[in-house]
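[1] I would like to see how this sequence folds:
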Amino acid sequence: MSSTVFLIAFFVAIVASSALAIEYVVGDDAGWKLNFDYQKWAEGKQFVVGDKLIFKYTDKTHNVHRVNGTAFQQCMAPAESEALTSGFDVITLATPGRKWYICGVGKHCANGMKLAITVSAEVQAPAPSPVSAADKISPWKSCAWMLPWKSCAWMLASMAFFRMMMA
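    Predicted coordinates:
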């Protein structure tokens, strides 16, 4: 019985953690190409460890190099053997910090085909909104008459599930 509960909890944790990761297609519909502002594309996006960058482009026309800050500034691509060249390159953001990507074909990087992002260790939640005294009266306030199923359904379902598991 306890092993069943553990397996269910483990499965739910795995599904929940993978569901939180976001896959970003670099450049959205434009993909990885010349004449696109990738820094503007990245503005306002919150990249987090576990997210994925997907570089879509015509293979043999472009490539993707992971570089350091200096190589990014100078548009210096490392050896061709280090290039990602599939045309559908998926990079999982595994560690927090600054990340730099360039196209190493010709002068593509010098013409703007480069991306710098900052990866956070975790999602930064927005600041909580001020709570009025009326909102503090009852913990069941979210279960108000107006939309009871919207706020309470998950709580009630989880209570029923755990009661069933303990029976």
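[2] where do the strands sit along this protein?
    Counting by DSSP state E, the chain has strands at residues 23-25, 47-48, 52-56, 65-67, 88-92, 97-102, 114-120.
[3] can you list contacts of the third one?
    Counting contacts by CB atoms under 8 Å, 6 or more residues apart in numbering, the residues outside strand 52-56 that touch it are 21-27, 31-32, 64, 84, 87-93, 101, 117. For every residue, glycine as well, the C-beta is placed using N, CA and C.
[4] the strands of the chain: which one's closest to residue 38?
    strand 114-120 (4.1 Å; CB to CB).
[5] could you give the angle of that closest one to strand 52-56?
    With axes from the mean of the first three to the mean of the last three CA atoms, to 10 degrees defining the directions, strand 114-120 sits at 170 degrees from strand 52-56.
[6] what packs against strand 114-120?
    helix 38-42, strand 47-48, helix 69-74, strand 97-102 (3 or more CB pairs under 8 Å, 6 or more residues apart in numbering; DSSP states H and E).
[7] pipe these into a markdown table and attach distance to residue 108, mean neighbour count and mean pLDDT per row.
    Converted to a markdown table, these look like this (distance: least, CB to CB, whole Å; neighbours: other CB atoms under 10 Å; pLDDT from 0 to 100):
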| stretch | distance to residue 108 | mean neighbour count | mean pLDDT |
| --- | --- | --- | --- |
| helix 38-42 | 11 | 15 | 97 |
| strand 47-48 | 22 | 18 | 97 |
| helix 69-74 | 13 | 14 | 96 |
| strand 97-102 | 8 | 18 | 98 |
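[8] how about these, which one is nearest residue 112?
    That would be, of the helices and strands packed on strand 114-120 and by CB to CB, helix 38-42, which comes in at 7.3 Å.
[9] run through who's touching the closest one.
    Contacts of helix 38-42 with the rest of the structure, by CB under 8 Å, 6+ apart, involve 26-28, 112-117.
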